[in-house]
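A.B. asks: Give the three-dimensional model of this entry:
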Amino acid sequence: MSTGQSVNASGASRRPWNKGKLVGPKPPLQPKHVWAIRTRLQLQRRTRDLALFNLAIDSKLRGCDVVALKVEDVAPHGYAVERATVRQRKTGRPVRFEITEQTRQSVDEYLRVTQRKPGYFLFGGRRGEERSLTTRQYARLVSTWVAMVGLVAMVGLDASLFGTHSLRRTKATLIYRKTGNLRAVQLLLGHTKIESTVRYLGVEVDDALAISEQVDI
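C.D. replies: Just a heads-up that it's a prediction; the model follows:
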């Protein structure tokens, strides 16, 4: 018998976590979406959110790794560095990422305002200075950002379609589309197998043909 509900140990029915929700791969943001969100956060002087958004785009990290960042991971000397290395929770493997100038500026301003020092989580949560932002809080922030610019007619975003993985995929997808270099994207995402990168980006035969058409012999 299938009723769409599971039964727990006490025999009571339990509503599936994904009932009524869209599941599956979240699409990346387009450049116009990134700039729209960034602009709104700047105008609203949401210093923490701007630093978090910019760093999530640049780092291409999973949500669990973004919230686990410590101050010293990106600003070991009190200011953001150009390149950082962190160890992924999922794979245990280190991954490097670039921190662009505009991201460094937003992180530096956030650190100046909050006075967060090495040893602290970069993005603190509601449970005290010693605790990090949770992945659920991060996901809610992403939904808020997307919904915020979704109100702008010329952008038009449906917040339910996007999530924290959208930020992880955004720059990686753009890099692949511009270069066709799957190996580079694999390294940037910290994937152990190229097949994972192919699935993650949704690479299809048409993509391969489009790259091939750019090469004349």
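
A.B. asks: so what does the strand or helix carrying residue 113 touch, helix or strand wise?
C.D. replies: In this structure, residue 113 is located in helix 101-114 according to DSSP states H and E. Counting contacts by 3 or more CB pairs under 8 Å, 6 or more residues apart in numbering; DSSP states H and E, helix 101-114 packs against helix 47-59. Glycine gets a C-beta too; all of them are placed from N, C-alpha and C.

A.B. asks: and the angle from the helix it packs on to helix 101-114?
C.D. replies: 150 degrees (axes from the mean of the first three to the mean of the last three CA atoms, to 10 degrees).

A.B. asks: Would you mind writing the CA trace of the helix or strand following helix 47-59 as PDB?
C.D. replies: Downstream of helix 47-59, the next assigned helix or strand under DSSP H and E is helix 63-67. Once non-C-alpha atoms are left out, helix 63-67 reads as follows in PDB (Å, rounded to 0.1, in the frame of the first residue of the first chain):
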ATOM      1  CA  GLY A  63      26.600  24.800   1.800                       C
ATOM      2  CA  CYS A  64      28.100  22.800   4.700                       C
ATOM      3  CA  ASP A  65      31.600  24.000   3.800                       C
ATOM      4  CA  VAL A  66      30.500  27.700   3.300                       C
ATOM      5  CA  VAL A  67      29.000  27.900   6.800                       C
END
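
A.B. asks: chain center to helix 63-67: distance?
C.D. replies: Its chain's average C-alpha position is 8 Å from that of helix 63-67, according to CA atoms, centre = their mean, to the nearest Å.

A.B. asks: ok, and for it, which residues are buried?
C.D. replies: For helix 63-67, a neighbour-count test (16 or more other CB atoms under 10 Å) marks 63, 65-67 as buried.

A.B. asks: just stretch 161-180 next, same as before
C.D. replies: Using 16+ other CB under 10 Å as the test for burial, stretch 161-180 gives 162-176, 180.

A.B. asks: go on, stretch 53-73?
C.D. replies: Applying a neighbour-count criterion of 16+ other CB under 10 Å, one finds 53-63, 65-71, 73 buried in stretch 53-73.

A.B. asks: Is there a neighbour count for the residue lying closest to residue 114 once chain neighbours are set aside? I'd like the number.
C.D. replies: Leaving aside its sequence neighbours, residue 114 sits nearest to residue 48 (CB to CB, 6 or more residues apart in numbering; 7.3 Å). The local packing of residue 48 (other CB atoms under 10 Å) involves 19 other residues.
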